[in-house]
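**Student:** pasting a predicted model and its sequence here:
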Amino acid sequence: MIEVAEQPLPSVEPETGIDLGLGHFAVLSNGRKIDAPRFLRRAEKRLKRAQRALSRTAKGSNNRAKARQKVARRHAKVADARREFHHRLSTRIVRDNQAIYVENLAVTGLARTRVAKSVHDAGWSAFTGMLEYKAVLYGRVFHRIDRWFPSSKLCSECGALAASMPLNVREWTYPCGAVHDRDVNAAKNVLAAGRAERPNACGAQIRPGAGLAQREEAGSLRGAA
């Protein structure tokens, strides 16, 4: 294992909360939205064609070995493109923010649902892992908030908690008058929760919305009922 010395970057003022999802790969608390590249989806036709060609070859034949290598190369190309995207985006976020907060997503559970292919294509775990090690490397703060925190249902202005938040609801108005974009609001709540949880190392328990978290919340797919 190669150890890399820490390389602290100059301090900056901004901090960010990140809402990871399938509509957009990531939405930041400042309102910035990063589109999901969907590398696997874009390569799906060629992958299926290569898989069909493999299935038609005889077991143990040279043609089968070549076809298997072709399938492996196509999968490797998708993985490389996804990794490069993660590296570029994570570096930019760590460079531009002093502290980064994300939800501790239940990726294993989501990988067993009907959106499993999209979850795999997004590669959230790999991306947040990059954010974490780069934050350490460059002297930034990285923190994961409780996966049950109701980021989508909570009003980032007044703190009111909606009883439900179906996935098809992308924008709404709270009784306080605040008009929210679902994903930006969630990212703002992630930022607020992360900032509040940081003092917990000293024993404080001041997370906003503590005790309000609903078990049906699970990342960007939470609160769909």
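**Tutor:** That came through, no problem. Because the structure is a prediction, the values reported are computed rather than measured.

**Student:** need phi/psi at the residue lying farthest from the centre of the chain.
**Tutor:** Here the chain reaches farthest from its C-alpha mean at Ser61, the gap being 42.1 Å by Cα atoms, centre = their mean. Backbone torsions for Ser61, taken as degrees, to the nearest 10, come to phi -80, psi 160.

**Student:** which residues are in contact with it?
**Tutor:** Listed by Cβ atoms under 8 Å, 6 or more residues apart in numbering, the contact set of Ser61 is empty. Bear in mind the C-beta positions are built from the backbone N, C-alpha and C, glycine included.

**Student:** and it, what pLDDT?
**Tutor:** If you check Ser61, the pLDDT there is 86.

**Student:** with Gly159 instead?
**Tutor:** For Gly159, the predicted pLDDT is 88.

**Student:** do Arg82 as well
**Tutor:** Model confidence at Arg82 (pLDDT) stands at 90.

**Student:** pretty sure it sits in a strand.
**Tutor:** No - read with DSSP: H, G, I helix; E, B strand; the rest coil, Arg82 is helix and lies in no strand.

**Student:** and it, how close does it get to Phe39?
**Tutor:** To Phe39, Arg82 is 5 Å away according to Cβ to Cβ, to the nearest Å.

**Student:** give me the three-state assignment for Ala192.
**Tutor:** Per three-state DSSP, the local secondary structure of Ala192 is helix.

**Student:** and Arg182, what does it touch?
**Tutor:** 152, 165, 169-172.

**Student:** if you set the cut-off to 6 Å instead, what comes out?
**Tutor:** Applying Cβ atoms under 6 Å, 6 or more residues apart in numbering, we find Arg182 in contact with Arg170.

**Student:** how close does it get to Val71?
**Tutor:** To Val71, Arg182 is 38 Å away according to Cβ to Cβ.

**Student:** again with Val78
**Tutor:** With the distance defined as Cβ to Cβ, Val78 ends up 11 Å from Val71.

**Student:** what about the closest residue to Thr16 other than its chain neighbours, neighbour count?
**Tutor:** Excluding its sequence neighbours, the residue lying closest to Thr16 (Cβ to Cβ, 6 or more residues apart in numbering) is Asn97, at 4.6 Å. By the measure other Cβ atoms under 10 Å, the count of residues near Asn97 is 24.

**Student:** residue contacts, Asn97?
**Tutor:** By Cβ under 6 Å, 6+ apart, Asn97 lies in contact with 14-16.

**Student:** now, of those residues, which are buried?
**Tutor:** Buried members of these, scored by 16 or more other Cβ atoms under 10 Å, are 15-16.

**Student:** any idea which of the contacts of Asn97 is closest to His86?
**Tutor:** Closest approach between these and His86, by Cβ to Cβ: Thr16, at 16.3 Å.
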